[in-house]
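# One predicted model, sequence on top.
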Amino acid sequence: MITETRGLSVAAVLAAALIWSSSFAVTKVALAEVPPMTLGAMRFVLAALVLGVAARRFPRPSTRQRLSIGGAGLLGITAYFALENAGVDLATASDATLIVAAYPIITLALSGRAAFSPVRLVGMLVALAGVWLVVREHSGGGHRLWGDVLLVAGGVAWAAYNLVARGEGSGASPIVVTYYQTLAGAGGFVLLSLTETSRWNVPSGGTVLRIGFLAVVCSVAAFLLYNHGLRGLEPSVAVNLLNVVPVAGLGWAVVLAGESVTPWQLLGGAVVLAGVFLGSRK
């Protein structure tokens, strides 16, 4: 059975997943005015400022611990989100969703033998099959191969982040840990955004609000929830729970973009949830 502590950890990761699922639709609209690396820099710089105020009331980790936390931030924020943005730009939404669904398997491969169990592997494969049902009717084109390569690389970065972040032993508050991760990730994005100076412009008021939502809700609140949940779960289980993101993202597409949902997509959503349940079992 799932203990109360484990149940709270699962709930925290699921809440983060539901928040992150809304970020795709918001980001898509914002990218019409702001280039991808600049959007990442604006999002995470603002998030770091908000977290910095909240983290002031907590003790600071040592310099060595801050460097370790910052390294995780470079993986989970700068590397992952940069690769994801670039990959989606070159590939298709269908490719991205399928590859993101494979992230739990990538994490398992990097976690060692202890993370494997027949039930957990079946759950992850069921979730992957469900995501395929969700996106089976989508189509796309372009530089898909390079985009797919970047998305797979993003999966490796995200899996590495989970392994590094769970091994973080500073004992600091999740707010402090998230702050230093975000600070490092924002710094990495600022450097990347310098490659887009020719595309810089003043965003509209609506885009500024979207960036604020991405920073405060999707970055601050969601990462706090995810880091809290990650402390009580194996990395492979935490990443497997993120398979609800494509399903919830489909719902946001209906609400925010007015898209329709097919019976195959509804069936796929149910299969994904079943796979997530199996994959989260000990």
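That came in fine, so what should we check first?
# show me where pLDDT drops low in the stretch 101-250 of the chain?
Applying pLDDT under 70 to the stretch 101-250 of the chain picks out residues 101, 105, 108-109, 112-116, 134-142, 144, 167-170.
# who's in contact with residue 66?
60, 180 (Cβ atoms under 8 Å, 6 or more residues apart in numbering). Just so you know, the C-beta spots here come from the backbone N, C-alpha and C atoms, and that holds for glycine as well.
# who touches stretch 180-199?
Counting by Cβ under 8 Å, 6+ apart, residues outside stretch 180-199 touching it are 35-38, 40-41, 43-45, 47-48, 51-52, 61, 66, 69-74, 76-79, 81-82, 165, 219-220, 223, 227.
# Could you check how far the residue lying farthest from the centre of the chain is from residue 35?
The C-alpha centroid of the chain is most remote from residue 198, which lies 28.3 Å away (Cα atoms, centre = their mean). Relative to residue 35, residue 198 is positioned 9 Å away (Cβ to Cβ, to the nearest Å).
# again with residue 27
In terms of Cβ to Cβ, residue 27 sits 12 Å off from residue 35.
# So for these two, which residue has more residues nearby?
Set residue 27 next to residue 35 and count neighbours by other Cβ atoms under 10 Å: residue 27 wins out with 23 against 19.
# so what's the more buried one up against?
39, 85, 210, 214.
# distance between the longest helix seen in the chain and the chain's centre?
Assignment by DSSP state H gives helix 4-30 as the longest helix of the chain. In terms of Cα atoms, centre = their mean, to the nearest Å, the centre of helix 4-30 is found 8 Å from the chain centre.
# and if you look at stretch 171-186?
The mean C-alpha position of stretch 171-186 is separated from the chain mean by 16 Å, Cα atoms, centre = their mean.
# just to revisit the earlier point, can you tell me which of the contacts of stretch 180-199 are in helices?
36-38, 40-41, 43-45, 47-48, 51-52, 66, 69-73, 81-82, 165, 223, 227.
# count of residues packed around residue 197?
9.
# ditto for residue 12
Neighbour tally, residue 12, other Cβ under 10 Å: 24.
# Now it. Nearest residue, chain neighbours left out?
Nearest residue to residue 12, sequence neighbours excluded (Cβ to Cβ, 6 or more residues apart in numbering): residue 229, at 3.5 Å.
# and the strand or helix carrying the one you found, how far out from the chain's middle?
According to DSSP states H and E, residue 229 maps onto helix 222-230. In terms of Cα atoms, centre = their mean, the centre of helix 222-230 is found 11 Å from the chain centre.
# helix or strand right after it?
Following helix 222-230 toward the C-terminus (DSSP H and E): helix 235-241.
# what's the spacing between the helix or strand following that next one and its chain's center?
Next along the chain after helix 235-241, taking DSSP H and E as the criterion, comes helix 244-257. How far helix 244-257 lies from its chain's middle: 15 Å, per Cα atoms, centre = their mean.
# which residues touch the next helix or strand after helix 244-257?
Next helix or strand after helix 244-257 toward the C-terminus (DSSP H and E): helix 263-279. Helix 263-279 is contacted by residues 101, 104, 119-120, 122-137, 236-237, 240-241, 243-244, 246-247, 250 when judged by Cβ under 8 Å, 6+ apart.
# Next, the contact list for the closest residue to residue 226 other than its chain neighbours, please.
Once flanking residues are discounted, residue 226 sits nearest to residue 16: 3.9 Å by Cβ to Cβ, 6+ apart. Counting by Cβ under 8 Å, 6+ apart, residue 16 touches 222-223, 225-226, 229.
# you'd agree the residue nearest to residue 12 is up against residue 239?
No - Residue 229 is not in contact with residue 239 according to Cβ atoms under 8 Å; the separation is 11.1 Å.
# Please say which of those two ends up with more neighbours.
When neighbours are counted by other Cβ under 10 Å, residue 229 and residue 239 differ, and residue 239 comes out ahead with 27 against 24.
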